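S.K.: Could you work out the structure for the sequence below:
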Amino acid sequence: MFALTREYIYEANPVTLKLMAEGLWLPVDIVLIILGISVPYFLMRRIGNPALRGLLAYPMVFGIVRLAACFWNLSVAL
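M.R.: Sure, this is the predicted structure:
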């Protein structure tokens, strides 16, 4: 939101732009975070196969991608 207050920065993703215009960006973001953590957790609990421990990497990769996007947005804003 900080970057979008600058007149020379705009949102290029049409899906994100539509969600932001309708005020749904934050709820969708929270749901995606919850699903990204809970789906691997419940799959590991339900199936119980030790080979599924690799599913723990999914939330970590998801978090790394979000952190990279955060740094990218900060570099654009500054």
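
S.K.: can we go C-alpha only for contacts and neighbour counts from here?
M.R.: OK.

S.K.: Name the next helix or strand downstream of the top helix by length along the chain, please.
M.R.: Using DSSP state H, we find that the single longest helix of the chain is helix 25-47. Once helix 25-47 ends, the next helix or strand along the chain (criterion: DSSP states H and E) is helix 57-77.

S.K.: Direction-wise, compare that following helix with helix 25-47 and give the angle.
M.R.: Following axes from the mean of the first three to the mean of the last three Cα atoms, to 10 degrees, one obtains 160 degrees for the angle between helix 57-77 and helix 25-47.

S.K.: any idea of the mean pLDDT in helix 57-77?
M.R.: If you average the pLDDT over helix 57-77, you get 84.

S.K.: cool, stretch 18-27 as well?
M.R.: The average of the pLDDT scores along stretch 18-27 is 90.

S.K.: Can you tell me what sits against that stretch?
M.R.: Residues from elsewhere that reach stretch 18-27 (Cα atoms under 8 Å, 6 or more residues apart in numbering): residue 16.

S.K.: how about it as CSV, C-alpha atoms only?
M.R.: In CSV, the C-alpha atoms belonging to stretch 18-27 read as follows (Å, rounded to 0.1, in the frame of the first residue of the first chain):
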residue,chain,number,x,y,z
LYS,A,18,-9.5,-6.3,-9.2
LEU,A,19,-9.2,-7.8,-5.7
MET,A,20,-7.8,-4.5,-4.4
ALA,A,21,-10.6,-2.5,-6.0
GLU,A,22,-13.2,-4.7,-4.3
GLY,A,23,-11.5,-4.7,-1.0
LEU,A,24,-10.8,-8.4,-1.1
TRP,A,25,-7.0,-8.5,-1.3
LEU,A,26,-6.4,-9.0,2.4
PRO,A,27,-9.1,-11.7,3.0
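
S.K.: Work out the gap between it and the centre of the chain.
M.R.: The chain centre lies 14 Å from the centre of stretch 18-27; the measure is Cα atoms, centre = their mean, to the nearest Å.

S.K.: same question, stretch 60-73
M.R.: With Cα atoms, centre = their mean as the basis, the mean position of stretch 60-73 lies at 8 Å from the chain mean.

S.K.: If anything else comes up later, I'll come back, but that's it for now.
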